[in-house]
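In: Here is my input, please return the structure:
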Amino acid sequence: MTMTESSMQSKQVEELILQSLEHELGGIKVYEAAVSCALNSDLKSEWQKYLKETQTHVVALTDVCSVLRIDASRDTPGRQVVRHLGGALVEAMNLARSAGDAAAAQLVACECVVLAETKDHLDWQLLGKCAEYSEDPAAAAALSSAYESIEDQEDEHLYHTKGWCRELWLQALGVPAVLPPPEEKRQVKTAIGAAKAEQAAEKER
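Out: Below is the predicted model of the structure:
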């Protein structure tokens, strides 16, 4: 049986959009904190790029809300949870910086970005499914347009930062590290590509 708009839970679709918007708003703060923790110039440049892209994601989701006639400012318990989690990531980075070990703070920032982008990646996968199964042409077009323009960026944010996190941890452990990670050189944007990049890193050590 094919899922249709009637069988989709419209309230839950709205909740997903609002939570995704809240997560992107929090993502701006996460990247601002992460940039302040970055020591590696390549990583800092990467995160500055991701910060700018995250700002465009907020605009895209706000536009989706407008098309679907959703109040983008409406708060929900789900949004409050998302906001709390994002704030906790920023707090963790600030705590790490205040400890006085800059290299450790950079690692914490990497881990926080990976956590944030894992949720972000899931959100956009789900939004893509909402676009696929929506029977409302305007809603489907708005969601599809946002998804198609942003999904590759979300893939890059997640897989590249995971690569940075792995290699910086290895460097901290005294294990040969490949920096920038192969995910950067290969412009990885898929799980398969990330796995191949990790294998390539092992060969380069």
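In: in the protein, which spans are helices?
Out: Per DSSP state H, the chain carries helices over the ranges 10-37, 41-67, 77-98, 102-133, 137-173, 182-185, 191-204.
In: just checking, residue 76 touches residue 15?
Out: Yes: assessed by Cβ atoms under 8 Å, residue 76 is found in contact with residue 15 at 6.2 Å. Placement of C-beta: from N, CA and C, glycine included.
In: quick one: stretch 97-111 to chain centroid distance?
Out: Distance, stretch centre to chain centre, for stretch 97-111: 20 Å (Cα atoms, centre = their mean, to the nearest Å).
In: what's the answer for stretch 72-90, then?
Out: 15 Å.
In: Nearest residue to the middle of this structure?
Out: When Cα atoms, centre = their mean is applied to the chain, the residue found nearest the centroid is residue 117 (2.7 Å).
In: and the gap between the residue nearest to it when sequence neighbours are not counted and residue 13?
Out: Excluding the flanking residues, the one nearest residue 117 by Cβ to Cβ, 6 or more residues apart in numbering is residue 158, at 4.1 Å. Relative to residue 13, residue 158 is positioned 23 Å away (Cβ to Cβ, to the nearest Å).
In: which of the two has more neighbours?
Out: Shown here are residue 158 and residue 13; by other Cβ atoms under 10 Å, residue 158 has more neighbours (24 against 21).
In: what's near enough to touch the more buried one?
Out: Counting by Cβ atoms under 8 Å, 6 or more residues apart in numbering, residue 158 touches 114, 117-118, 120-121.
In: so which of those residues comes closest to residue 182?
Out: Of all the contacts of residue 158, residue 182 sits closest to residue 114, with 16.6 Å by Cβ to Cβ.
In: what sits against the closest one?
Out: 158, 161-162, 165.
In: Now restrict those to buried residues only.
Out: Among the contacts of residue 114, those buried by neighbour count (16 or more other Cβ atoms under 10 Å) are 158, 161-162, 165.
In: Next, format those residues as TSV and append pLDDT and distance to residue 42.
Out: Shown next, in TSV, are the buried ones among the contacts of residue 114 (pLDDT from 0 to 100; distance: Cβ to Cβ, whole Å):
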residue	pLDDT	distance to residue 42
158	95	17
161	95	12
162	94	15
165	96	14
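In: Return the helix or strand in the protein with minimum mean pLDDT.
Out: Ranked by mean pLDDT, DSSP states H and E, the helix or strand of the chain with the weakest confidence is helix 191-204, at a mean of 77.
In: got the contact list for it?
Out: 159, 162-163, 166-167, 178, 181-183, 186, 188.
In: shouldn't the residue nearest to the centre of the chain be in contact with residue 157?
Out: Yes: if you go by Cβ under 8 Å, residue 117 and residue 157 touch, sitting 4.7 Å apart.
In: Where does the prediction get shaky in this structure?
Out: 1-8 (pLDDT under 70).
In: redo that, cut-off 80
Out: Applying pLDDT under 80 to the chain flags the ranges 1-9, 191-201, 203-204.
In: All good on my end, thank you.
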